[in-house]
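S.K.: kindly generate the corresponding structure for this input.
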Amino acid sequence: MTGVHQRFTSLQRLLHWLMAVCILAMLFIGVGMVSTIRPKYLPLVSIHKSLGIAILVLALLRLAVRLRYGAPALPADLPAPMKLAAQLSHYALYALMLGMPLLGWAMLSAAAYPVVVFGGFYLPTIAPQSDLLHTWLWDAHFYLAFAFFALVLMHIAAALFHALVRRDGVFESMAG
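M.R.: As a prediction, the model looks like this:
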């Protein structure tokens, strides 16, 4: 470990790991949902909608907490390209944590489907009804899900790199 490395706050760590579980569950539920026509489809859609809104709320809370408390500095000896990659990947993660639920919500709104979450709470529409817009939003939601999954895998790989190869305290700043 190089120098003293501060940790994220307990709230930041809790939100990180809670969202990690939610996002991984969401990605796998989404894959299962689009790959089946079985009776499991409708319950998966219902879970997907509710979990998406939960992720949106958690992401907004997490962003507010991040803006309030900041983040530990990266190690001074970390090469500049790696620091840039860390910054850009975190911006992309936040954009997708916020954008994916909003795209899904807008997609359903454009199709005039009711957005019912948590077993009976109806969300207002956020996009005009339009078949063309629905198709565009569906495609964006679908393809960005793959980009999100790839970004999550890269995030996990980077965490393991910091924990097992560099051993520079970056992983420990977010771990338990």
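S.K.: residue ranges with poor pLDDT in the chain?
M.R.: Along the chain, the parts satisfying pLDDT under 70 run over 1-5, 176.
S.K.: excluding chain neighbours, what is closest to Trp138?
M.R.: Among residues not flanking Trp138 along the chain, Met107 sits closest, at 5.3 Å (C-beta to C-beta, 6 or more residues apart in numbering). Any C-beta I mention is one placed from the backbone N, CA and C, and that applies to glycine too.
S.K.: next one: the one you found from Lys49, what distance?
M.R.: From Met107 over to Lys49 the distance is 11 Å, taken as C-beta to C-beta, to the nearest Å.
S.K.: likewise for Ile29?
M.R.: 10 Å.
S.K.: the two: who's more crowded?
M.R.: Counted by other C-beta atoms under 10 Å, Ile29 and Lys49 do not tie: Lys49 has more neighbours, with 21 against 17.
S.K.: tell me who's in contact with the more buried one.
M.R.: Contact analysis of Lys49 by C-beta atoms under 8 Å, 6 or more residues apart in numbering lists Gly104, Leu108, Val115, Val116, Val117.
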